[in-house]
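In: next come a sequence and a model predicted from it.
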Amino acid sequence: MTTRTWENLQIPAPGTYALDVAHTQIGFVVKHMMVSKVRGHFNEFAGTVTIAENPLDSSAQISIKTASITTGAPDRDGHLRSDDFLSADKFPELTFHSTRVLSHSGDEFTLAGDLTIRDVTKPVELTVEYGGAGTNPWGQDVWGFSIKAEIDREEFGLTWNQALETGGVLVGKKIKIEIEGEANPAA
């Protein structure tokens, strides 16, 4: 892979890179019944990262198919696709478009952008950890990353909930976003 040294990091050369869907997982975690966590992910998505000459001018965008949500429980997945949550028939995609890199320290970057869920767009900040770059055994250039963020689902119109007899609610307000991935030069 063509890399360059920037602030003691070996980063990819400027260019546009596509998310490798076979090596990327877009996941989430939410509290359930105030006592445990439910994890899930999306199976269908596409995105690109454009590495600029000045890495702090880089940008990213992603589109996620809402109907591809899975938590391992078909009934729950159906409920998440319904009008109570993602309303996948009316709003088939979630999108994120970066607006700027806010800061960085070593291999960690803070990326600001606009997240759209159910046609509600809100600014969010993602913590992006750059994982490094290399060439896989088949000669393809690849670089990796980990992303974390937390959002309040109610700000995006995902307000369904149910009170519990023991106090609290069935579904937590905060959703932790966890993305592990790789990107390759865009074709």
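Out: Received, thanks.
In: show the pLDDT at the residue of the chain positioned farthest from its centre.
Out: Within the chain, Glu165 marks the point farthest from the mean C-alpha position, 33.8 Å out by C-alpha atoms, centre = their mean. For Glu165, the pLDDT comes out at 86.
In: mind checking how far the helix or strand containing Arg100 is from the chain centre?
Out: Assigned by DSSP states H and E, Arg100 falls within strand 93-105. Mean-position distance between strand 93-105 and its chain equals 10 Å (C-alpha atoms, centre = their mean, to the nearest Å).
In: now do the helix or strand that it is followed by: which elements does it pack against?
Out: Remark: after strand 93-105, the chain's next helix or strand is strand 108-117, criterion DSSP H and E. Where contact means 3 or more C-beta pairs under 8 Å, 6 or more residues apart in numbering; DSSP states H and E, strand 108-117 is packed against strand 93-105, strand 120-135. For every residue, glycine as well, the C-beta is placed using N, CA and C.
In: circling back: ok, the residue farthest from the centre of the chain - contacts?
Out: Not one residue lies near Glu165 by C-beta atoms under 8 Å, 6 or more residues apart in numbering.
In: got a markdown table for the helices and strands packed on strand 108-117, with mean neighbour count too?
Out: Formatted as a markdown table, these follow (neighbours: other C-beta atoms under 10 Å):
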| stretch | mean neighbour count |
| --- | --- |
| strand 93-105 | 15 |
| strand 120-135 | 15 |
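In: partner strands of whichever strand or helix holds Glu178 and their direction?
Out: Assessed by DSSP H and E, Glu178 sits inside strand 171-185. Applying DSSP bridges to the sheet, strand 171-185 is found paired with strand 15-19 (antiparallel), strand 25-32 (antiparallel), strand 141-152 (antiparallel).
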